[in-house]
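Asks: turn this into a model:
(chains A and B)
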There are 2 protein chains.
Amino acid sequence: MATQNLTTGLVRSDGPEASSGTIPHPLDQLTVAEVNLAREAILKARGNTVAVNFRSIFLEEPPKKELSQFLDLEHSGKVSLQTPRPARRATAQYDVVYGDKNHEYTESCVEIASGMEVEERVVDKVHHASLTTHEFAAFTEACFASPLYKRAIAEFDLPEGFVITIDPWPYGGDGEIVPRYTQGLCFARDARSGNEDSNHYSYPLPLIPVMDTYSHEVVRIDRLATGGKDDGLTYGTHKKNVLDHCSPSEFIPELLSQPLRSDIKPLNVVQPEGPSFQVNGNLIEWQKWRFRVGFNPREGATLHDVHYDGRSVLYRLSLSEMTVPYGDPRPPFHRKQAFDFGDAGAGRAANNLSLGCDCLGVIKYFDTVLTEADGTASLAKNVVCLHEQDNGIGWKHTNFRTQRAVVTRLRELVVQFIITLANYEYIFAFKFDQAGGITFETRATGIVSVVNIDPGKTSPWGNVVSSGALAQNHQHIFCLRIDPAIDGQKNTVFTEESLPMPMSKELNPYGNGYEVRQTPIKKSQFFDASPMTNLTVKMTNLSKLNPISGRPVSYKFIPTASQLMLAHPDSIMAKRAQFAQHHVWVTKYKDGEFWAGGEFTNQSQKETDGVADAVSRNDNVENEDVVVWNTFGLTHNPRVEDWPVMPVEIHQIHLRPADFFTANPAIDVPGSTDTVSVLAPGSEGCCESGEVQKAASSHLQGAGPDLDPKSNL
Amino acid sequence: MATQNLTTGLVRSDGPEASSGTIPHPLDQLTVAEVNLAREAILKARGNTVAVNFRSIFLEEPPKKELSQFLDLEHSGKVSLQTPRPARRATAQYDVVYGDKNHEYTESCVEIASGMEVEERVVDKVHHASLTTHEFAAFTEACFASPLYKRAIAEFDLPEGFVITIDPWPYGGDGEIVPRYTQGLCFARDARSGNEDSNHYSYPLPLIPVMDTYSHEVVRIDRLATGGKDDGLTYGTHKKNVLDHCSPSEFIPELLSQPLRSDIKPLNVVQPEGPSFQVNGNLIEWQKWRFRVGFNPREGATLHDVHYDGRSVLYRLSLSEMTVPYGDPRPPFHRKQAFDFGDAGAGRAANNLSLGCDCLGVIKYFDTVLTEADGTASLAKNVVCLHEQDNGIGWKHTNFRTQRAVVTRLRELVVQFIITLANYEYIFAFKFDQAGGITFETRATGIVSVVNIDPGKTSPWGNVVSSGALAQNHQHIFCLRIDPAIDGQKNTVFTEESLPMPMSKELNPYGNGYEVRQTPIKKSQFFDASPMTNLTVKMTNLSKLNPISGRPVSYKFIPTASQLMLAHPDSIMAKRAQFAQHHVWVTKYKDGEFWAGGEFTNQSQKETDGVADAVSRNDNVENEDVVVWNTFGLTHNPRVEDWPVMPVEIHQIHLRPADFFTANPAIDVPGSTDTVSVLAPGSEGCCESGEVQKAASSHLQGAGPDLDPKSNL
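Replies: Numbering: from 1, shown residues only, chains lettered A, B, ... in the order given. All right, here's what the predicted structure looks like:
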């Protein structure tokens, strides 16, 4: 039986138990003691007449104004034990249970110093908190105890030795307002081997039970179509032997039908002098970068107060939301639309990482604090990892006259976390480089979602990736929240486009000229990627000019022109995810406005208080505290090669300085001095570095000696 | 004085001298002996009455029909010493010089077996061979000897101790047909330190000498505008002290004005059991991949006969062409348009790579054969490198019920070469992975091209990256040539788009459905990237169906929607590079049709016999031997951070199997067993892999035990 482990928070380096006697940084996550204190405050405030089911207890980030004042002092070295700090507060999310039926989802703010609840907010019943793992466990139990579900299962003649296993899912968006529901995708698992990790996903059952989340009653069994391309929306034979044409799709090594490759030799990353980073609590310093890493149940890892060489770049960076709508129009698949951050929570779903499996080299892990169902705190290890990696050549130039080459490596610092959402995995990484760049990388992997399809049929709504298993077409649409602080918080967002010019004798006589047009974003608004005009988003501080170019200092990125939400604009799927309908949103900063798809996505009818509503305030965003939201994604029409576990599908966004510095910030990176690399057998030993560069590059030499203008005249 | 080293060819593993007595593979590049033999044949054929200036001697790849017959035998294990092979031939490119003035550019085919010239083709004078390094050297000499040039230089009052240095450039496209010309960008170099690698690019002089390439006469000095945004196209003060406002921009470590970073600790890649690849001559085998690597003066490294697990994927893969048009409309900058493959030659410009600087780990190098100006061959080392690298997680899935995680690394095999073209560098890499994917990666680095700008001015045509140095806006537009052989040579290209569907009660009642539409390309044609419909290009063998999905076997890629040629369609720049005006071109294979921008790009007036002309044949390309050309690029409006040497700007194209295999081909990659990674200081020692995965992942656990349908009923 699973326990209710819901709450996270990044643990300070002194350990959760050791925190007494030290003053936490305002961005330090709650310790075990603080979570327990918040729990006590809530139990006390609610009294003994009601039951409290906890969901999450985590740090409430201080208001920006207060936090910024503290950070300014910190950066100027003026923080002492006496320095006033923003009030330290916990957010507690929990259900108050009145009798059997009446659950009131409640959010409270607890002041840590006083141990008192200072705010309480009962959420109306139209909005639903995200799912918790104890709700998932309860779902499976309720199904297995339900006569309705058991009768449905009994309609099938399962192969001998198979058991039923269920993946609970959020209920998704429906046309009508319903109680808090949970649904589940059902599979059979071959239990004959005794190996519980035999892959059940290749045996999909064509039914979805729906449970009233609070009453634990299975209220309905939805029957799934199993037809092919000419069978319409509701066709399903639902033969008793519905799994007979399915076949095993194992990926666990001991169950694999083929031997593992034996010809991949070890490739080790060795850092004999240790890492180049320093970590102190949640503060990370590396190669002129300095930032803090946070962690919360919804977003997972977050970055704060990002500086390079003492200059502010970002106030906060996080992945805000993602939605995964499925494109199979056959009901009830229209309710297969997960909001993995708002419905589930990336922090709650974070993997515990293990050394040498999830990254190479010298690795620093960060832990988090979980909250049990009763509100007590416990520690979870290694939810975030930090390491360096080599990403090839960073910059190179060879003087063709002398054959002198200077070449540097591109070293990166990676903050990574990995989440598992039932069948699927995402690997998220924030990467810092020595040239002032920050890359946000998403890797999609795991097991694609499949449903049963009749023998021999194919479907326009997906691809048969294993006999009887249709992997449905779907999209993954993410939204990265960028809170810039380019040399300060008053920033302006520009679009920069490269545009053709007419031919004209005066201005463009040969037609090669092109215009680079900057357009300031004056009011909060959205716009789309435009790769054919090379549309670049610049986040600019108009009050600071680059002394070399005379242009205002900026960071920039090129928004990826990935496909936006395909669902019809009038569909509930589209209405629930306004953020998924444009690539870039520019809003004015507002405390607590973190979620692109709105605070409550679970069973939402439409996006509420998400980024579209924020834009509709029509705020002035010129020379203001702005937030930039970047939506990107991938349309995933599965290949057979994505089965049974898909190779990573990688997407990257690059934030890069643009006239922020006075030169390439990596120009002081020493040339490669690697002395460990060796020649492969059969390569001739002519490779002593200097010698080769001089001797063999002579075919590049193409200019005579330089001219001394004085001596030649 | 530089020598004329023009010709390349990949050397067989037995070394060029050891080739006698073995039979070369038809794709083996010419040996030293073979180049010398071809030289003899040309000298003999031309006779004693003329002089011959050699440009290049290299392997003529056999016609596809002949080569394919041989490769088929080879793959079926039937090749013996007696097997008939395609005739081995050399292409020799050279000028025949009649007296002082009359150069006839000539291309000959020499049969190696007979040592006889078998074809001769004198090229008309409208078309120009690519530039050679001896022409570059002659250019500088001619300038320094030219009274016209010396008078122009004398107009300037250069800083004490500075010398003149010139970067020769192709003349570019002009409105009128002119003789073979070379132009040069002029700079001054601070020679006071005695360090010849002091960076001259920060001292640009506002003049461009133009030389008649054959007569060596400097025919003209073009004066350059040095004005700012309101100064029109021709404004130039050309004050004597034109360099006084320029400042040093060093990048060589010993000249750097700041200390090198001292806090970047070593990160070594160690492969204690050696590499996982095998190399035999030009044959490379790694992780079920098998292919041959070629090398020629124009394209650099080329891949041939690419197979995975015994199945054909590609016949040939190469970067075909690239053009770099500059967007500054002030004459003569309209002639700043390089075709780096056709005007110069990537193979000729290839760097000689050195161990541990250009890649890490266990490295295999490939050499090439150069040809001197007199036609004799000499060896150049290390123009291509081969190594493995780790690219993070390859696939991962965690069973949330048991917390069992399987995670594999993404190992890649990299074939890399690097070219230097005066100020600029490109790093090209073909990367193979274990999941059947091939990535072509371009990294742009080096020094951006600058011209002089008056003190205190800014310009719409570029960015001031150093005092007095305007880095002009420009584009890099590449074309990758993909000759697919998806399970055979008869292939069909499809576009696949994901399209919204109308809402309809019958077909799409909730509006979440979307259509995936496949469209075959029937006649040779071009089309553009369409990211908003997720346009994917599939190269398909219609005669082979995937046994799982029932769909024909394919490889696919998503063409990047990068900006196409910005120059006006009526401009010479655009006419010279039709290939740069659409993203994807599909043509019917034709022997020798390798060059997207046409064979002769140097001083071209328009693209001739390039990919646009190939498309205009209107060939049937359905179930045919097709070639797919993918154009991509970057619009580069320089940042100050791109100076003095720019951080790499990376672009990748991913060729991936799509229903080519019956599952993820990497599913048999063993889980990571790295035992070398270590904890950073301060990380707690809780990380014994299995234990952590079990103990700390409990917050993921969200389902009870599975249901045995029998026992529950």
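Asks: only C-alpha atoms from now on, for both contacts and neighbour counts.
Replies: Noted.
Asks: quick one, strands of the stretch 1-150 of chain A?
Replies: A:51-60, A:89-98, A:102-111, A:116-122 (DSSP state E, counting those that start in this stretch).
Asks: try the stretch 601-713 of chain A
Replies: A:624-636, A:646-658, A:678-679.
Asks: hmm, who's touching the first one?
Replies: Read it as strand A:624-636. Applying C-alpha atoms under 8 Å, 6 or more residues apart in numbering or on different chains, the contact partners of strand A:624-636 are A:473-485, A:489-493, A:559-564, A:579-580, A:582-589, A:596, A:611, B:498, B:534.
Asks: circling back to that earlier point, weakest of the strands of the stretch 601-713 of chain A in terms of mean pLDDT?
Replies: Mean pLDDT values for the strands of the stretch 601-713 of chain A show the minimum at strand A:678-679, a mean of 84.
Asks: okay, now the sheet partners of that strand, with direction.
Replies: For strand A:678-679, the paired strands and their directions (DSSP bridges) are strand B:362-371 (parallel).
Asks: I'd like the mean pLDDT over the strand it pairs with, please.
Replies: 92.
Asks: same question, stretch A:489-501
Replies: 98.
Asks: near chain B, anything from that stretch?
Replies: Yes - for stretch A:489-501 and chain B, the contact criterion (C-alpha under 8 Å from any C-alpha of the partner chain) is met by A:498, A:499, A:500, A:501.
Asks: dump the residue contacts of the residue nearest to the last one when sequence neighbours are not counted.
Replies: So the one you mean is residue A:501. Closest residue to residue A:501 apart from its sequence neighbours, by C-alpha to C-alpha, 6 or more residues apart in numbering or on different chains: residue A:514 at 5.3 Å. Going by C-alpha under 8 Å, 6+ apart, residue A:514 touches A:498, A:499, A:500, A:501, B:327, B:328, B:329, B:461, B:566, B:567.
Asks: pretty sure residue A:538 sits against residue A:493.
Replies: Yes - contact status for residue A:538 versus residue A:493: in contact at 5.6 Å, counting by C-alpha atoms under 8 Å.
Asks: more neighbours, those two?
Replies: The neighbour comparison of residue A:538 against residue A:493 (other C-alpha atoms under 10 Å in any protein chain shown) goes to residue A:493, with 29 against 25.
Asks: just checking, that one touches residue A:542?
Replies: No - using C-alpha under 8 Å, residue A:493 makes no contact with residue A:542, being 9.8 Å away.
Asks: circling back to that earlier point, out of the contacts of strand A:624-636, which are inside strands?
Replies: Judged by DSSP state E, strands contain the following of those: A:474-484, A:490-493, A:584-588, B:498.
Asks: what about the residue lying closest to residue A:614 once chain neighbours are set aside, neighbour count?
Replies: Spatial nearest neighbour of residue A:614, chain neighbours left out: residue A:587 (6.3 Å); criterion: C-alpha to C-alpha, 6+ apart. Number of residues near residue A:587 (other C-alpha under 10 Å) recorded here: 31.
Asks: ok, now residue A:69?
Replies: For residue A:69, using other C-alpha under 10 Å, the count is 13.
Asks: for it, give its distance to residue A:78.
Replies: Going from residue A:69 to residue A:78 by C-alpha to C-alpha, to the nearest Å gives 11 Å.
Asks: just residue A:641 next, same as before
Replies: For residue A:641, the distance to residue A:78 - C-alpha to C-alpha - is 57 Å.
Asks: of these two, who's got more company?
Replies: residue A:641 (24 against 11).
Asks: state the distance from that one to residue A:426.
Replies: 18 Å.
Asks: now residue A:401
Replies: Residue A:401 is 49 Å from residue A:426, where distance means C-alpha to C-alpha.
Asks: any idea which helix or strand comes after the lengthiest strand in chain A?
Replies: Under DSSP E, the strand in chain A containing the largest number of residues is strand A:377-399. Per DSSP states H and E, the first helix or strand lying C-terminal to strand A:377-399 is strand A:404-421.
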